[in-house]
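Peer 1: need the 3D shape of this:
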Amino acid sequence: MNVARLAAVDAAQAARMLTEIREATLAGQRARIAPRPVIEQSWGRMLRNGVDPERDRRSGLLSFDEVHRRREESPLRHVLPVLREGLLSVADVAQHIMLVADADGRVLWREGAPTVLRRADGLGCELGADWREDVVGTNGVGTVAVVRRPVQVFAAEHFARSQTSWTCSGAPISDPRDGRLLGVVDVSGPLETMHPATLAWVDSVAKLAEARLRELHLASLERLRAVAAPVLARLKGQAVAVDRDGWSAAVTGMPYVRRVALPKSLQPGHRWLPSLGSCAVEPLAGGWLLRVEDEPLATPTRRILLDVSRPGRCAVTVTASTGSWSRELSPRHAELLFLLAEDPAGHGAAGLAEDLFDDPSRTVTVRAEMSRIRRYLGELLQHRPYRFRADTEVEVVLPDDPRDLLPQSTAPAVIRKRNAMRSGLGGAP
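Peer 2: Residues are numbered from 1 along each chain as shown. Down below sits the predicted model:
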């Protein structure tokens, strides 16, 4: 069923049909028309997590100071002009509003038609509100953050009854450098004013915002490179100038590295870094100078925590005696690290390709992704075969429900692991 087209032709009929589908499905009955797959999967997550569709469930609003702090720290603040220019004029005419939420589902900006803003207040869609899927149910912010792709939620496709008069079109905004989710931009309003092209429009503007972030990143690296070049020219040995997030601006005496994994709170001094080893860390304007030392520090105790317990929010955390750092993972990197964690003996490229794609010939794809992973895990991840270092403790945090284990993954090995968890065996894939 093309819900967008039906809603454009006859909004009232679309609302009735979606209500019928919702009531039947949530009652455990077979609906005359099945819900769209993205909606059905979201409803399944809500039911497994115990979210009550009849209860208007909300968490507390963030304070004004906390909203301000998050705004100042969010890269999304740099692309607000792009979002406003691309969305607000049309949203105003169509009696819709624009929402911008961070990766935690918290609404940080909200603009648009005053009458619709007042209506949104009644739905709990206020500044600082928490619109995660597992808090308020299926919606154009929280569901987008889980599935990491544009989603339109029409009327009764919302899980919570209180939101069934509302329609949302949301698209993710990711960091163009590493794919990390930065937040979601959403256009919301009454069903009867939603156009079939709204989702494509919102997604296009989100991609423009990502392009702007890419331009800003390259410009900042150019500025850092201008500062670092004369410093590096005077140095002997290996050194690299990186920005505050570890992205390389210039190197000397060593092969170019795209990014260096840094601890969350890096300080000047002698530090051990996974991809470089022992380094002398010195501040630069806009970044750090990392000088690789000839005499390495004593090898620290290392621990890797792979968290795949939250759909759409997988992460890896590395802890050593010199500090710790975390990184959010793309779905593909989460799959690969999960497979390696399940088999300490390791996998060759062909074995990983078979486990991921049921096709051992797709080694080029596997090698490319593993090369990207090794850029941030460094020597903690060895190859021939691919495996974690034997002296590194690896722990995996699994979801309580097997269906929430990398739910978007179709990898045969992941499916086998879900089935093993479901049967209570918990064996390796």
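
Peer 1: what residues are up against Ala24?
Peer 2: Each residue near Ala24 by CB atoms under 8 Å, 6 or more residues apart in numbering is listed here: 30-32. C-beta: built from backbone N, CA, C; applies to glycine.

Peer 1: SS state for Glu54?
Peer 2: Under DSSP: H, G, I helix; E, B strand; the rest coil, the three-state class of Glu54 is coil.

Peer 1: for the most centrally placed residue in the chain, phi and psi?
Peer 2: Centroid check for the chain by CA atoms, centre = their mean gives Leu181 as the closest residue, at 3.3 Å. Taking degrees, to the nearest 10, you get phi -70, psi 130 for the backbone angles of Leu181.

Peer 1: what do you get for Pro399?
Peer 2: Main-chain dihedrals, Pro399, degrees, to the nearest 10: phi -70, psi 160.

Peer 1: what's the closest non-adjacent residue to it?
Peer 2: Among residues not flanking Pro399 along the chain, Ser309 sits closest, at 4.6 Å (CB to CB, 6 or more residues apart in numbering).

Peer 1: separation between the one you found and Leu181?
Peer 2: The gap separating Ser309 from Leu181 is 17 Å, by CB to CB, to the nearest Å.

Peer 1: next SSE after the lengthiest helix in the chain?
Peer 2: Using DSSP state H to define each element, the chain has its longest helix at helix 198-233. Scanning forward in sequence from helix 198-233 by DSSP states H and E, the next helix or strand is strand 239-243.

Peer 1: what helices or strands is that next one leaning on?
Peer 2: Secondary-structure packing of strand 239-243 (3 or more CB pairs under 8 Å, 6 or more residues apart in numbering; DSSP states H and E): helix 198-233, strand 248-252, strand 287-292.

Peer 1: what ranges in the stretch 51-200 of the chain fall below the confidence cut-off?
Peer 2: 93-94 (pLDDT under 70).

Peer 1: need the strands for it, in chain order.
Peer 2: Secondary structure of the stretch 51-200 of the chain (DSSP state E, counting those that start in this stretch): strands located at 97-102, 107-112, 151-154, 166-174, 181-190.

Peer 1: among those strands, which is the most enclosed?
Peer 2: strand 151-154 (a mean of 28; mean count of other CB atoms under 10 Å).

Peer 1: got the CA positions of that strand in PDB?
Peer 2: C-alpha atoms of strand 151-154 as PDB (Å, rounded to 0.1, in the frame of the first residue of the first chain):
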ATOM      1  CA  VAL A 151      11.200   7.200   7.600                       C
ATOM      2  CA  GLN A 152       7.700   8.700   7.200                       C
ATOM      3  CA  VAL A 153       5.200   7.700  10.000                       C
ATOM      4  CA  PHE A 154       1.600   8.400   9.000                       C
END
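
Peer 1: outside of it, which residues touch it?
Peer 2: Against strand 151-154 from outside (CB under 8 Å, 6+ apart): 3-4, 7, 14, 18, 38-39, 138-140, 143-144, 167-170, 191, 194, 198-199.

Peer 1: distance from the chain centre to it, please.
Peer 2: Here strand 151-154 is found 19 Å from its chain centre; the criterion is CA atoms, centre = their mean, to the nearest Å.

Peer 1: just checking: what are the partner strands of that strand?
Peer 2: Under the criterion DSSP bridges, strand 151-154 sits next to strand 166-174 (antiparallel) in its sheet.

Peer 1: what about stretch 53-69, how long is it end to end?
Peer 2: 32 Å (CA to CA, to the nearest Å).

Peer 1: identify all contacting residues around it.
Peer 2: Outside stretch 53-69, the residues that reach it (CB under 8 Å, 6+ apart) are 26, 46, 51, 70, 106, 108, 124, 126-130, 135-137, 159-162.

Peer 1: pull out the buried positions in that stretch.
Peer 2: Neighbour counts over stretch 53-69 (16 or more other CB atoms under 10 Å) mark 53, 57-58, 61-62, 67 as buried.

Peer 1: same check on stretch 236-256?
Peer 2: Quick answer for stretch 236-256 (16+ other CB under 10 Å): 238-243, 246-252.

Peer 1: noted, bye for now.
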